[in-house]
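[1] Fold the following and give me the result.
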Amino acid sequence: MMTQVTFTKDGYDPFIDFLKAYAIICVLIGHTIPNSDLWGYVFWAGMQVPLFILIQVFHYYKKETKLDIGKIVKRIIVPFAIVTGFVFLIKLIFEGVGLKLLIISLIKDGGYGPGSYYPLVYIQIALLLVLFKPLFYKYNKLTLFWLFFIISEACEIACSLLNVPEFLYRLLVVRYVFLLYLGWLWVKEGIRLNWWTIVLCILSFLTIIYFQYLSKTVDNEPWFFNTAWRSHRWPCYFYVSHGLVLILFIVWQKIQIKGRIRTLVKKMASASYEIFLVQMAVIALFSVKRLMFVDNNYVRFALWFIIVWCVSLLGGIYFQKVCKRIIK
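    Below is the predicted model of the structure:
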């Protein structure tokens, strides 16, 4: 029985690439398949952003480097600006959407298309990594746990008392702060499977069930802010960082020996951000209604689904190459 997963801190780790490839596939699943609650999407595919943030935290703390503003501009902001500008122009010129409405939507939603909040969250996480870095050198694991518990719960209570608007809450990093501690644990000790972590995974799993399925009509305030982001809360993340990732590690061990799968995973992981941006633009510009000439609803949806996936995956890989040329 596997008792520990250790991540490579010096050099390339193919499992991290597998996590990124898996997460970007889950992004596409979440943004293209309806009625996700009916098939337990939240437990195996609904935690894509927490996975990406855990990877971001791990990469930063394993290297112990300074914040690279230039890299964030080139890697995150420039591609996002290109895609956002493209969607803006298409909607303005060809769809007849008013300039004022487009600007309001850009400010309110952080961009166009599903997941447009993520680049802003990524930047906030990058800043928090620098801010909290001294704490990880100063305190032990247990003290850090209570510190991040207090900070995360304080964020929940503050959002509740201030009645933060949903659109603003969507753009803020507050619901993801606890992931900094869990990502640091990946660097410190990896994933250890013992009775303590098993109990925490079970409790975390149960909180996901509660928030996602049982508390839709329950007022959890002020302890937990009432929001559409029901399972993206600090109690739910231990299952993600230790339970789900352990399962994915076992899967990776079974399939990694196949060369073609390894190559495909590496390519998708490398272009995961660009794939995300392209799917954001495709879904923003190409809805199912565009295919109303297809009479059958199921055929129409299937055709839209195939187009979105193909354009997002292939277009994302190609867009990565374009971005590298533009940045050069």
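[2] List the residue ranges of the stretch 1-150 of the chain that fall below the pLDDT cut-off.
    For the stretch 1-150 of the chain, the stretches flagged by pLDDT under 70 are 1-2, 64.
[3] Run through the strands of it in chain order.
    4-5 (DSSP state E, counting those that start in this stretch).
[4] give me phi/psi at Ser215?
    In this entry, Ser215 is assigned phi and psi values of phi -110, psi 20 (degrees, to the nearest 10).
[5] And the one 5 residues further on, by the same measure?
    Torsion angles at Asn220 (phi, psi; degrees, to the nearest 10) stand at phi -90, psi 0.
[6] How many residues are close by it?
    In terms of burial, Asn220 registers 16 neighbours under the definition other C-beta atoms under 10 Å. Bear in mind the C-beta positions are built from the backbone N, C-alpha and C, glycine included.
[7] Lys20 now?
    Using other C-beta under 10 Å, Lys20 has 23 neighbouring residues.
[8] And for Leu102?
    Neighbour number of Leu102 under other C-beta under 10 Å is 17.
[9] For it, which residues are in contact?
    Applying C-beta atoms under 8 Å, 6 or more residues apart in numbering to Leu102 gives the contacts 88, 91-92.
[10] Also Tyr12?
    When contacts are counted by C-beta under 8 Å, 6+ apart, Tyr12 is found next to no other residue.
[11] gap between it and Tyr139?
    Counting by C-beta to C-beta, to the nearest Å, the gap from Tyr12 to Tyr139 is 31 Å.
[12] May I see the buried residues of stretch 203-210?
    Using 16 or more other C-beta atoms under 10 Å as the test for burial, stretch 203-210 gives 204-205, 207-208, 210.
[13] circling back to that earlier point, tell me which entries of the contacts of Leu102 lie within helices.
    Counting by DSSP state H, the contacts of Leu102 place 88, 91-92 in helices.
[14] among those residues, which ones are buried?
    Buried subset of those (neighbour count, 16+ other C-beta under 10 Å): 88, 91.
[15] Looking at the ones in helices among the contacts of Leu102, which is nearest Ile307?
    For Ile307, the closest of the ones in helices among the contacts of Leu102 turns out to be Lys91, at 18.8 Å, with distances computed as C-beta to C-beta.
[16] surely the closest one meets Phe286?
    No. Using C-beta atoms under 8 Å, Lys91 and Phe286 do not qualify as a contacting pair, with a distance of 12.0 Å.
[17] ok so, going back, any chance of the buried residues of stretch 203-210 in TSV with pLDDT as columns?
    What follows is the buried residues of stretch 203-210, written out as TSV (pLDDT from 0 to 100):
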residue	pLDDT
Ser204	97
Phe205	96
Thr207	97
Ile208	96
Tyr210	95
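[18] Which ones among the residues you listed lie within helices?
    The members of the buried residues of stretch 203-210 that map onto helices under DSSP H are 204-205, 207-208.
[19] Adding distance to Thr143 as columns, could you present those residues in TSV?
    Below are those laid out as TSV (distance: C-beta to C-beta, whole Å):
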residue	distance to Thr143
Ser204	20
Phe205	26
Thr207	23
Ile208	26
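[20] quick revisit: list just the nearest of the contacts of Leu102 to Pro34.
    Minimum distance to Pro34 across the contacts of Leu102 is 23.7 Å, recorded for Lys91 (C-beta to C-beta).
[21] For the residue in the chain sticking out farthest from the centre, grab phi and psi.
    Residue farthest from the centre of the chain, counting by C-alpha atoms, centre = their mean, is Asp295 at 35.3 Å. Main-chain dihedrals, Asp295, degrees, to the nearest 10: phi -70, psi -40.
[22] gap between it and Ala269?
    In this structure, Asp295 and Ala269 are separated by 40 Å, where distance is defined by C-beta to C-beta.
[23] Could I get the full set of helices for the stretch 51-200 of the chain?
    With DSSP state H, counting those that start in this stretch applied, the stretch 51-200 of the chain shows helices at 69-72, 78-93, 99-109, 118-138, 141-162, 166-171, 178-189, 195-209, listed in chain order.
[24] What are the buried residues along the shortest one?
    In this case it means helix 69-72. If you call a residue buried by 16+ other C-beta under 10 Å, then helix 69-72 has these buried ones: Ile72.
[25] what's the longest helix in the protein?
    Here the longest helix in the chain is taken by residue count, with DSSP H as the criterion, and it is helix 297-327.
[26] Poorly predicted segments of the stretch 151-300 of the chain, please.
    Of all residues in the stretch 151-300 of the chain, those with pLDDT under 70 make up the ranges 257-258.
[27] how about a cut-off of 90?
    For the stretch 151-300 of the chain, the stretches with pLDDT under 90 are 192-196, 215-218, 253-265, 288-295.
[28] Pull the contacting residues for Val83.
    Going by C-beta under 8 Å, 6+ apart, Val83 touches 277-278, 280-281, 319.
[29] Spatially, which two of those are the most separated?
    Of all pairs drawn from the contacts of Val83, the one with the longest distance (C-beta to C-beta) is Met280 and Phe319, at 11.3 Å.
[30] Please say which of the two ends up with more neighbours.
    Neighbours of Met280 and Phe319, each counted by other C-beta under 10 Å, are more numerous for Met280; the result is 25 against 21.
[31] Fine by me, we can end here.
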